[in-house]
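Chemist: only geometry, no sequence info:
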């Protein structure tokens with residue numbers, strides 16, 4: 001193959017030589033914005049978004065329902081994709097690669113999933129997902145490209161449903177069990193979801209969402225316990241254990257990861273089948289060095305891409321085992337580590353603090369060979385105490401839903417306290433100013449990153465804010481030291497990050513304002529030694545309402561009942577008036593820096 005040329009208009013790298021001949025053979029014409037011109041060993045292209053993905057032409061698609069491909073961002077808003085070394089066949093189904101492929105490799109008897117008191121081998125997981133896939137297609141009419149929402153806590157049944165939906169070519173939207181009907185409705189409406197798979201223990205909010213939905217037509221119950229006693233389970237029981245998976249393209253969208261913006265309006269990040277494998281073949285292979293002997297444990301929800309990677313994709317890619325906890329409290333995680341001798345842990349610094357205390361009280365965590373910390377900055381004292389007590393590495397890193405998983409990390413043999421680390425192989429990172437110029441080492445600026453994964457918001461104008469000049473801007477302020485390590489300084493926006501959860505202040509404000517006792521309010525993130533930040537609400541009460549502890553409790557309970565409970569304000573401060581500009585805009589920065597009565 002010949003060399004590579006850069007097409008600056010489309011932020012991509014275009015192959016020449018024999019690939020040019022193949023493109024020419026396809027008789028692409030200048031109409032509709034499609035144009036190929038060649039001069040000996042040179043190629044220049046301007047193609048529609050349906051044909052190009054950053055550096056590679058979008059390959060064939062198996063999607064009958066073309067909604068997601070039709071709603072990819074315009075080509076000039078894509079980041080650069082650095083795909084060298086991440087080579088996958090044009091036809092690729094991630095569900096097959098994470099199940100049947102392991103059985104083919106001789107790992108069928110290895111444990112794949114541990115949860116609800118039961119172990120499941122790779123052969124059992126393959127059979128289970130194939131039965132479910134038959135049911136989805138034959139009984140519920142799922143077509144390739146349809147969006148399928150899954151609502152569940154972390155359990156093997158959720159993983160099986162996700163893999164089955166992926167095998168049939170659906171685009172999966174995993175959601176947390178804490179979401180309320182109103183939050184689910186926003187997701188359903190944006191992605192035009194017609195089918196939901198829901199743990200029968202979590203049906204109330206899901207059916208409330210479906211009741212008035214213009215899109216959601218089927219809510220199918222599955223059993224999140226080990227009993228297999230729900231509609232989907234019973235139908236799947238008599239299905240064959242073999243299934244010919246849909247021959248999806250590597251560039252077909254497989255997953256929509258929803259993330260809240262600072263406005264509270266959800267954004268849908270779009271991830272291809274190849275992306276799901278890239279995060280394993282980059283971070284998990286290089287940084288964690290996963291083997292089939294590893295046993296994963298962690299607290300992040302599978303609905304978060306951090307959790308889906310760390311507790312499903314990574315172990316299943318390498319024939320390892322994942323332990324799944326519906327209630328992943330530090331005591332429960334410690335019990336799992338001691339019982340199953342887990343080797344790799346994924347959680348936030350808050351949980352590692354609790355584990356350190358438990359070790360002082362006799363907990364045996366010696367089986368862990370590595371602790372992965374993300375979700376909030378790992379404080380240097382926790383890094384040092386963990387290393388001293390265990391003799392094992394604790395690796396801080398940073399990822400983003402837009403990037404799918406961790407792209408900067410410390411390493412076993414190259415780590416530093418109070419540092420996020422260095423770019424994962426395949427990724428590049430730099431610190432830039434507002435004009436996208438790289439700043440000198442030691443100075444703070446905006447973190448910009450590019451690599452084999454990147455931001456693709458579904459039909460969202462915020463794509464232009466996240467991607468500039470081919471770089472993904474994560475919304476974080478960082479610096480880079482002379483040794484090349486990156487150091488977190490602050491969030492660049494008003495997102496509150498509490499114990500690893502991203503919480504949009506305006507969403508909490510809207511919940512508070514729906515209570516009759518609240519006249520006005522403003523929500524900020526307040527520093528907290530345990531959780532990094534907590535949600536702090538500054539509330540102006542309706543005249544006659546007492547600013548007492550009972551009112552605090554009443555407002556907190558109201559927020560928990562209105563939106564996901566983890567978003568509730570742990571601190572509530574009553575004030576006479578909110579600080580505002582002359583035009584009436586709330587000055588939240590004054591709430592952070594001044595003591596206002």
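Modeler: Arrived safely. Note that this is a predicted model, so its numbers are computed, not measured. Residues are numbered from 1 along each chain as shown.
Chemist: so how far is stretch 454-472 from its chain's centroid?
Modeler: 16 Å (Cα atoms, centre = their mean, to the nearest Å).
Chemist: helices of the stretch 301-450 of the chain, start to end?
Modeler: Listed in chain order, the helices of the stretch 301-450 of the chain (DSSP state H, counting those that start in this stretch) span 305-308, 314-317, 330-340, 349-360, 380-390.
Chemist: what's the second one packed up against?
Modeler: Read that as helix 314-317. Helices and strands touching helix 314-317, by 3 or more Cβ pairs under 8 Å, 6 or more residues apart in numbering; DSSP states H and E, are strand 295-298, strand 321-323. Every residue, glycine included, has its C-beta placed from N, CA and C.
Chemist: could you pull up the mean pLDDT of that helix?
Modeler: Averaged across helix 314-317, the pLDDT comes to 98.
Chemist: sort out which residues of it are buried, please.
Modeler: 314, 315, 316, 317 (16 or more other Cβ atoms under 10 Å).
Chemist: before we move on, back to that, residue 421: which of the helices and strands packed on helix 314-317 is closest?
Modeler: Nearest to residue 421, of all the helices and strands packed on helix 314-317, is strand 295-298, at 18.8 Å by Cβ to Cβ.
Chemist: not counting its own residues, what contacts that closest one?
Modeler: For strand 295-298, contacts defined as Cβ atoms under 8 Å, 6 or more residues apart in numbering pick out 114, 307, 310-311, 314-315, 320-323, 325, 328, 333, 336-337, 340-347, 367, 372.
Chemist: of the residues you listed, just the buried ones, ChimeraX syntax please.
Modeler: In ChimeraX syntax, the buried subset of those is picked out as below (16+ other Cβ under 10 Å):
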select :114,307,310,311,314,315,320,321,322,323,325,328,333,336,337,340,342,343,344,345,346,347,367,372
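Chemist: before we move on, the earlier item: between the helices of the stretch 301-450 of the chain, which one is nearest to residue 527?
Modeler: Closest approach to residue 527 among the helices of the stretch 301-450 of the chain (Cβ to Cβ): helix 349-360, 13.6 Å.
Chemist: what's the single longest helix in this structure?
Modeler: Longest helix of the chain, by residue count under DSSP state H: helix 122-138.
Chemist: which residues touch the helix or strand just after it?
Modeler: Proceeding N to C from helix 122-138, the next assigned helix or strand is strand 147-151, under DSSP states H and E. With Cβ under 8 Å, 6+ apart as the contact definition, strand 147-151 has outside contacts at 67-68, 136, 142, 158, 161-162, 165, 170-175, 177, 179, 184, 187-188, 191-199, 202, 205-206, 216, 256.
Chemist: the residue nearest to residue 353 when sequence neighbours are not counted: neighbour count?
Modeler: In this structure, residue 353 finds its nearest non-sequential neighbour in residue 382, 6.1 Å apart by Cβ to Cβ, 6 or more residues apart in numbering. Number of residues near residue 382 (other Cβ atoms under 10 Å) recorded here: 21.
Chemist: so what's residue 382 up against?
Modeler: 349, 352, 353, 356, 373, 394.
Chemist: quick one, what contacts the second one?
Modeler: Under the criterion of Cβ under 8 Å, 6+ apart, the neighbours of residue 352 are 371, 373, 378, 382, 386, 394.
Chemist: ok, now with 10 Å
Modeler: Residue 352 is in contact with 330, 345, 371, 372, 373, 378, 379, 382, 383, 385, 386, 394, counting by Cβ atoms under 10 Å, 6 or more residues apart in numbering.
Chemist: check residue 308 too.
Modeler: By Cβ under 10 Å, 6+ apart, residue 308 lies in contact with 154, 158-159, 162, 172, 174, 255, 257, 271, 276, 279, 300-302, 314, 404-405.
Chemist: model confidence score at it, please.
Modeler: Per-residue pLDDT puts residue 308 at 98.
Chemist: isn't residue 383 up against residue 390?
Modeler: No - judged on Cβ atoms under 10 Å, residue 383 makes no contact with residue 390 at a distance of 11.4 Å.
Chemist: which one of the buried residues of helix 314-317 is nearest residue 211?
Modeler: Nearest to residue 211 among these is residue 316, at 35.6 Å by Cβ to Cβ.
Chemist: with adjacent residues omitted, what lies nearest to that closest one?
Modeler: residue 98 (4.0 Å).
Chemist: for the one you found, give its distance to residue 122.
Modeler: Distance, residue 98 to residue 122, by Cβ to Cβ, to the nearest Å: 9 Å.
Chemist: please enumerate the shared neighbours of the two.
Modeler: Overlap of the contact sets of residue 98 and residue 122 (by Cβ under 10 Å, 6+ apart) consists of 112, 316.
Chemist: tell me where the model's unsure across the stretch 251-400 of the chain.
Modeler: 260-264 (pLDDT under 70).
Chemist: thinking again about what came up before, so how far is the longest helix of the chain from its chain's centroid?
Modeler: On Cα atoms, centre = their mean, the centre of helix 122-138 falls 24 Å from the chain's centre.
Chemist: next: stretch 538-550.
Modeler: 38 Å.
Chemist: and the helices in the stretch 51-200 of the chain, which stretches?
Modeler: Using DSSP H, counting those that start in this stretch, helices in the stretch 51-200 of the chain cover 67-70, 94-97, 100-102, 122-138, 156-167, 181-191.
Chemist: so what does the residue nearest to residue 403 when sequence neighbours are not counted look like in phi/psi?
Modeler: When the adjacent residues along the chain are set aside, residue 403 lies closest to residue 453, with 5.3 Å between them (Cβ to Cβ, 6+ apart). Backbone torsions for residue 453, taken as degrees, to the nearest 10, come to phi -120, psi 160.
Chemist: do I have it right that residue 453 meets residue 80?
Modeler: No - applying Cβ under 10 Å as the test, residue 453 and residue 80 come out as separate, 11.3 Å apart.
Chemist: which neighbours do the two share?
Modeler: What both residue 453 and residue 80 touch, as defined by Cβ under 10 Å, 6+ apart, is the set residue 472.
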